[in-house]
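1. got a sequence here, can you model it:
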Amino acid sequence: MAGGVEQWVSAAGALALALGLLWLLARLARRGGLATAGARRIRLVEVTPIDSRRRAVILRVDGREALIVTGGAQDSFIGWL
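-> All right, here's what the predicted structure looks like:
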């Protein structure tokens, strides 16, 4: 049974080492600019309450702004601004 415990400890150590190396590589990739996210295509510009349930939302999508009304029976795309 002692051989079984040694195998478990060895396997746990190898797993910890592998996870540590993956974590280190991920940090280096983020610092080096390899894991940077691309430019976001959708941005929330403004939210204005219309009443207690509905809101007017302006989104910027690929440089264009869109007006959306949310919170009612259904959401509505009003149009491009």
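
2. what are the boundaries of the helices in this protein?
-> 2-32 (DSSP state H).

3. poorly predicted segments of it, please.
-> Residue ranges of the chain with pLDDT under 70: 1-2, 35-38.

4. okay, now the domains of it?
-> 1-36, 42-80 (automatic domain parsing).

5. highest mean neighbour count out of the ones you listed?
-> Sort those by mean neighbour count, taking mean count of other Cβ atoms under 10 Å, and domain 42-80 sits at the top with a mean of 12. For the C-beta atoms, the positions are set from N, CA and C on the backbone; glycine is no exception.

6. now do that one: distance to the chain's middle.
-> 21 Å (Cα atoms, centre = their mean, to the nearest Å).

7. and it, end to end?
-> 14 Å (Cα to Cα, to the nearest Å).

8. make 176 the starting number, not 1.
-> Got it, first residue is 176 now, which makes that one domain 217-255.

9. how long is stretch 220-233 from one end to the other?
-> Span of stretch 220-233 from end to end, Cα to Cα: 5 Å.

10. please enumerate residues in contact with that stretch?
-> 219, 234-235, 240-247, 256 (Cβ atoms under 8 Å, 6 or more residues apart in numbering).
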